[in-house]
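Visitor: coordinates only, sequence not included:
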Ligand SMILES: [Fe+2]
């Protein structure tokens, strides 16, 4: 059997950008499809069984947990109903997975280092569980975004998961503002308090030009930016009544470092993409 993963450093959030298959974990089995978020509590043992190649965004809450944001005046059912959080099932597929024979490696991550423990059996052998700690799944197509015809709703209203020093927000299709006095575009801003990362999942990305699904943008704190020139012209005309985009945004209070592997695929001309064309 393929190795299991276990992250002892913090909760993990998977975002399935592409691919289908199954997830097996301590809490049971989940079917996965594009647009799924899967939150795996710290210490959960898990593995994937892909049917097609997975492309996944993995966001680790190092030394922290994920929770749901306070919905405040909007009420507890806002943005998505908590009943839409799917739980893993201890079903026939999970029991069949338990019956698979052979040694099983568990790759355990702690303080950034990975240790390997080998079991002479499948350790995903639970038959039930109690309490409110569990892996959960939510698909972005079940999110009901907040909007206003008069007020440009700031990105914080699209927060999906909350951690100690960062938030994960989802931009889902939503109508444009229609009031003549409303600001109809995202604000130009410095994001002085947060580093911003956006992962583009699907659709037509209304504030960005030359951005395709699967790309990621990184706007460090203090970098003044707004819509790209061509996107800005299109938005002022507003030929469409609504956005048609799914994107995941990660806003972090602490500055982010870019790994060497990301440098290798960086589009270095991105910083010049606001220049008039
Ligand atoms: Fe921004």
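Guide: Noted; the coordinates are in hand. Remember, it's a predicted structure, so these values are computed and weren't measured experimentally. Numbers count the residues shown, from 1 in each chain.

Visitor: Report the mean per-residue pLDDT for stretch 94-111.
Guide: Averaged over stretch 94-111, pLDDT sits at 95.

Visitor: residue farthest from the centroid of the protein?
Guide: Centroid-distance maximum for the chain: residue 120 at 34.5 Å, with Cα atoms, centre = their mean.

Visitor: Spatially nearest residue to that one (excluding sequence neighbours)?
Guide: Leaving out its chain neighbours, the residue that sits closest to residue 120 by Cβ to Cβ, 6 or more residues apart in numbering is residue 103, at 5.8 Å. (Each C-beta comes from the backbone N, C-alpha and C, glycine too.)

Visitor: I'd like to check which residues are in contact with the one you found.
Guide: By Cβ atoms under 8 Å, 6 or more residues apart in numbering, the contact set of residue 103 is 118, 119, 120.

Visitor: Can you tell me the SS state at the nearest residue to residue 36 once chain neighbours are set aside?
Guide: In space, and not counting its chain neighbours, residue 36 is closest to residue 16: 4.4 Å by Cβ to Cβ, 6+ apart. Secondary structure, DSSP: H, G, I helix; E, B strand; the rest coil: residue 16 is strand.

Visitor: Surely residue 16 and residue 54 touch.
Guide: Yes. Counting by Cβ atoms under 8 Å, residue 16 does reach residue 54; the two are 6.7 Å apart.

Visitor: Quickly list what's touching both of the two.
Guide: Residues touching both residue 16 and residue 54 by Cβ under 8 Å, 6+ apart: residue 32.

Visitor: ok, the two, which is more surrounded?
Guide: Neighbours were counted for residue 16 and for residue 54 using other Cβ atoms under 10 Å; residue 16 has more, 24 against 16.

Visitor: quick one: contacts for that one?
Guide: For residue 16, the contact set (Cβ under 8 Å, 6+ apart) comprises 32, 33, 34, 35, 36, 37, 38, 54, 55, 56.
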